[in-house]
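Student: Quick one, what's the 3D model for this:
(one chain, ligands or ions: 1)
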Amino acid sequence: MHPATAAPPRTTTAAVEVHGLRRSYGDFEAVRGISFEVRRGEVLALLGVNGAGKTSALEVLEGLAPAGGGTVRVLGMDPVRDRTRVRRELGVLLQTSGLPGDLTVAETVRAWAGTLTDPRPVEEALAQVSLTGRADVRVRALSGGERRRLDLAMALLGRPSVVVLDEPTTGLDPESRRQVWELVQGLVADGAAVLLTTHHLEEAEELADRVAVMRAGQVVLSGTQAEIAETQPATIRFALDAGDPRPPVPADVQVVEDGRRVEWRTRALQPVLAQLLAWAAEHGVVLRTLAARAGSLEQAFLAVADGTHPSLTEENR
Ligand SMILES: Nc1ncnc2c1ncn2[C@@H]1O[C@H](COP(=O)(O)OP(=O)(O)OP(=O)(O)O)[C@@H](O)[C@H]1O
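Tutor: Numbering: from 1, shown residues only. The predicted structure is shown next:
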């Protein structure tokens, strides 16, 4: 078999495998030994505050920079050494695009399609991102959101089986954002592996099967959304009227009080809530503005961001 025409090796289970990846800029180590996998038919969201190292890691995966340490494999291939073959399978949406402004939307897509082996037809590519009616408009005249959707059409033009989306919906209005989410869900249903970074936690909640949260170049938390949410206590909030008796506080419940407003934090939401409701019924107390909420991805993200998450060691606090 000639190497240029050989099908990419499919011996590995995950489409993207990153093990102990490191990357430095001079003396500064931006990525400090991270590991994650993305399987076919799933979305992994890589989260982290600005500067956590997400883009630096993605650039290695995209073959734009070599790893300073560790290994990265895309469909079993090295993205730098096997760049040509990896490029055929990989669709990349960068944070910023450098599309020339003079060409029309259709010309831009056609020009890029000419460099690919099995591109989608131009009409299909534009319809996919709702830009059909803008085909003859010059790129420089597009709105920010339209430009972002054109970037996305370009990333998906070669029918990639591995898709890297760096903040895909930044600058999009809510309706366009939802369309992009549906598009991503369609790709995944067709078996693509999608790696996504986003600052919109509701985007991760909507799309991600698994999440990895980065802080200062390391992955400090990873798992399914439920696993990550479960690292956080549930909260029960209510307000008492003046003169109401105080409910007894069950064991292992942390209480935060602000005047008549009470917040209970607990790892056992259901029994603690049941106990509280039984007490209120027995004493004829109305728990005003009662709200109970399980731990959330957002809570966990914020705890990582501000360094208070229990998973953080002293070193990366
Ligand atoms: N070319 C560069 N030269 C020097 N330092 C860099 C360079 N690119 C990034 N960095 C630094 O590396 C760290 C990680 O940056 P990176 O862009 O990977 O973070 P990020 O998680 O993608 O952030 P954002 O959410 O803002 O995109 C930051 O401290 C950044 O300042």
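Student: low-confidence ranges in the chain?
Tutor: 1-12, 313-317 (pLDDT under 70).
Student: now do 50
Tutor: Applying pLDDT under 50 to the chain picks out residues 1-7, 10-12.
Student: and it, which residues reach the ligand?
Tutor: 25, 28, 30, 48, 50-56 (CB under 6 Å from any ligand atom). C-betas here are computed from N, CA, C, even on glycine.
Student: Which of these fall within strands?
Tutor: The members of the residues of the chain next to the ligand that map onto strands under DSSP state E are 25, 28, 30.
Student: wait, isn't the last one in contact with S56?
Tutor: Yes. Judged on CB atoms under 8 Å, A30 makes contact with S56 at a distance of 4.3 Å.
Student: mind listing what the residue sitting nearest the centre point of the chain touches?
Tutor: Computing the C-alpha centroid of the chain and ranking residues by CA atoms, centre = their mean puts A45 first, at 2.5 Å. By CB atoms under 8 Å, 6 or more residues apart in numbering, the residues touching A45 are 196-198, 203-204, 207-208, 210-212.
Student: so which strand or helix has it?
Tutor: Using DSSP states H and E, A45 falls within strand 42-47.
Student: separation between V272 and the ligand?
Tutor: Using CB to the nearest ligand atom, to the nearest Å, one gets 37 Å for the distance from V272 to the ligand.
Student: Report the contact partners of that residue.
Tutor: By CB under 8 Å, 6+ apart, the neighbours of V272 are 236, 250, 253, 264, 266.
Student: which element is the fourth one on?
Tutor: Using DSSP H and E, W264 sits within strand 261-266.
Student: Tell me the buried residues in that strand?
Tutor: Neighbour counts over strand 261-266 (16 or more other CB atoms under 10 Å) mark 262, 264-266 as buried.
Student: how does the protein divide into domains?
Tutor: With domains defined by automatic domain parsing, the chain comprises 14-224, 233-294.
Student: From one end of the first one to the other, what's the distance?
Tutor: By that I understand domain 14-224. End-to-end distance for domain 14-224: 16 Å, by CA to CA, to the nearest Å.
Student: How about the last one?
Tutor: Its start and end residues considered, domain 233-294 measures 7 Å (CA to CA).
Student: Then stretch 224-239?
Tutor: Across stretch 224-239, first to last residue, CA to CA, it's 33 Å.
Student: from the chain's centre, how far out does that stretch sit?
Tutor: The gap between where stretch 224-239 is centred and where its chain is centred comes out at 19 Å by CA atoms, centre = their mean, to the nearest Å.
Student: ditto for stretch 57-76
Tutor: Mean-position distance between stretch 57-76 and its chain equals 18 Å (CA atoms, centre = their mean).
Student: what do you get for stretch 178-198?
Tutor: With CA atoms, centre = their mean, you get 11 Å for stretch 178-198.
Student: do the same with stretch 121-132
Tutor: Distance, centroid of stretch 121-132 to centroid of chain: 25 Å (CA atoms, centre = their mean).
Student: Contacts for that stretch, please.
Tutor: Contacting residues not belonging to stretch 121-132 are listed as 105-106, 109-110, 113, 119-120, 134-135, 146, 149-150, 152-154, 156-157, 176, 179-180, 183 [CB under 8 Å, 6+ apart].
Student: ok, 7 Å please
Tutor: Applying CB atoms under 7 Å, 6 or more residues apart in numbering, the external contacts of stretch 121-132 come out as 105-106, 109-110, 113, 135, 146, 149-150, 152-153, 156-157, 179, 183.
Student: ok, of those, which one's closest to Q225?
Tutor: L183 (20.4 Å; CB to CB).
Student: quick one: what helix or strand has the closest one in it?
Tutor: Residue-wise, L183 maps onto helix 174-189 under DSSP H and E.
Student: in that helix, what counts as buried?
Tutor: For helix 174-189, by 16+ other CB under 10 Å, it's 176-177, 179-181, 183-184, 187-188.
Student: which of the residues of the chain next to the ligand count as buried?
Tutor: 30, 48, 52-56.
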